[in-house]
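A.B. asks: here's my sequence, what's the structure:
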Amino acid sequence: MQSGLSSKPQTKLHVGIIMDGNGRWATRRRMSRLRGHEAGVEAIRRVVEAAPKQGLGTLTLYAFSSDNWRRPKAEVSALMSLLRFYLASEVESLVRNGVRLTVIGRRDRLPAGIADAIGRAEAATAGGDVLHLRIAVDYSARDAILNAALKAASAGQLTREAFSDLVTGEAGLRDVDLVIRTSGEKRLSDFMLWESAYAELHFTEKMWPDFREDDLAEALISFHGRERRFGGLQPEAMEPREEPALSA
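C.D. replies: Numbers count the residues shown, from 1 in each chain. Here you go, the predicted model:
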């Protein structure tokens with residue numbers, strides 16, 4: 001990736017990916033579920049590298065939902081260790097490639113030291129202007145909307161844009177254009193519900209560890225082939241039809 005692209009990230013596409021299927025990918029290969037999550041990290045690297053080349057300015061990855069704390073303690077611990085490893089090992093590459101990293105979701109329930117590691121990674125990559133990479137950890141869209149509503153209650157009347165800033169935690173974040181979910185599941189699972197109000201949806205049977213640059217390209221080809229009306233009509237659909245003249 002090269003920094004200094006002519007279009008700033010917020011003017012380019014915002015894609016969210018529900019990275020699903022790590023455990024099943026490993027189980028089918030008679031491997032531990034941890035090995036599947038490790039392979040999932042490799043997929044993250046591939047997609048982050050490919051994203052700016054394919055017109056993305058913002059990429060939000062669903063890494064760990066607030067409901068995932070219900071998983072076995074050993075698996076949760078392994079996922080947190082992988083997060084810690086990613087934050088420590090990828091920052092240099094992210095800086096070099098102009099990627100700004102932010103982590104969304106709660107931080108107060110994360111194991112000791114991870115919140116500080118997140119803060120350091122965010123500070124180190126703050127100047128990235130090629131891609132905004134957002135990773136959702138201990139994240140719930142419904143909780144984000146609820147928290148925004150509680151803040152709005154004491155702020156008085158707000159515009160929709162101002163409320164969006166409360167939901168996302170940052171000003172001017174572009175709404176999601178496309179949500180991709182891997183592994184064949186077809187649901188949003190509490191992922192960016194507010195921001196995805198008019199997002200296109202793309203579901204693929206590919207497990208996340210098998211997801212590659214051409215799979216992202218395929219999803220984007222499908223996206224660009226769709227007609228996005230945002231509740232309105234295309235100009236040609238609004239033009240009144242000329243009635244045929246009656247013969248004398």
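A.B. asks: where does the closest residue in space to G21 that isn't next to it in sequence land on pLDDT?
C.D. replies: With Cβ to Cβ, 6 or more residues apart in numbering as the criterion, G21 has its nearest non-adjacent residue at 3.1 Å, and that residue is S183. In short, each C-beta sits where N, CA and C put it, glycine included. S183 is assigned 97 on the pLDDT scale.
A.B. asks: G231 too?
C.D. replies: In this model, G231 is scored at 80, pLDDT.
A.B. asks: burial measure for it, as a count.
C.D. replies: Residues near G231, counting by other Cβ atoms under 10 Å, number 6.
A.B. asks: below-threshold pLDDT in the protein: ranges please.
C.D. replies: Within the chain, the ranges that satisfy pLDDT under 70 run 1-10, 233-248.
A.B. asks: what helix or strand is the closest residue to A26 other than its chain neighbours located in?
C.D. replies: Nearest residue to A26 in three dimensions, chain neighbours excluded: G36, at 3.1 Å (Cβ to Cβ, 6+ apart). Assessed by DSSP states H and E, G36 sits inside helix 33-50.
A.B. asks: thought the residue nearest to G21 was touching D20?
C.D. replies: Yes. Using Cβ atoms under 8 Å, S183 is in contact with D20, at 4.1 Å.
A.B. asks: mind listing the shared neighbours of those two?
C.D. replies: 207-208 (Cβ atoms under 8 Å, 6 or more residues apart in numbering).
A.B. asks: go ahead and flag the most central residue of the chain.
C.D. replies: For the chain, the residue nearest the mean C-alpha position is T60 (2.0 Å; Cα atoms, centre = their mean).
A.B. asks: give me the three-state assignment for that residue.
C.D. replies: Three-state assignment for T60 (DSSP: H, G, I helix; E, B strand; the rest coil): strand.
A.B. asks: contacts only, for it.
C.D. replies: T60 makes contact with 14-17, 104, 134-136, 176, 192, according to Cβ under 8 Å, 6+ apart.
A.B. asks: give me the distance between it and L166.
C.D. replies: T60 is 17 Å from L166, where distance means Cβ to Cβ, to the nearest Å.
A.B. asks: same check, this time on E49
C.D. replies: 32 Å.
A.B. asks: which one's more surrounded, these two?
C.D. replies: The neighbour comparison of E49 against L166 (other Cβ under 10 Å) goes to L166, with 20 against 15.
A.B. asks: what residues of the helix or strand harbouring that one count as buried?
C.D. replies: L166 belongs to helix 160-168 when assigned by DSSP H and E. By 16 or more other Cβ atoms under 10 Å, the buried positions in helix 160-168 come out as 163-164, 166-168.
A.B. asks: make a markdown table out of those and add distance to A43.
C.D. replies: Formatted as a markdown table, these follow (distance: Cβ to Cβ, whole Å):
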| residue | distance to A43 |
| --- | --- |
| F163 | 34 |
| S164 | 29 |
| L166 | 32 |
| V167 | 27 |
| T168 | 25 |
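A.B. asks: what is the nearest of those to F230?
C.D. replies: Taking Cβ to Cβ as the measure, F230 lies nearest S164 of the buried residues of helix 160-168, at 15.0 Å.
A.B. asks: can you count the residues close to the nearest residue to the closest one once chain neighbours are set aside?
C.D. replies: Nearest residue to S164 in three dimensions, chain neighbours excluded: W194, at 6.9 Å (Cβ to Cβ, 6+ apart). If you count neighbours by other Cβ under 10 Å, W194 ends up with 18.
A.B. asks: checking W194 next. Helix, strand or coil?
C.D. replies: Taking three-state DSSP, the label given to W194 is coil.
A.B. asks: what's it sitting at in phi/psi?
C.D. replies: Per-residue torsions, W194: phi -70, psi -50 (degrees, to the nearest 10).
A.B. asks: same deal with the one 5 residues further on?
C.D. replies: Recorded main-chain torsions at A199 are phi -70, psi 150, according to degrees, to the nearest 10.
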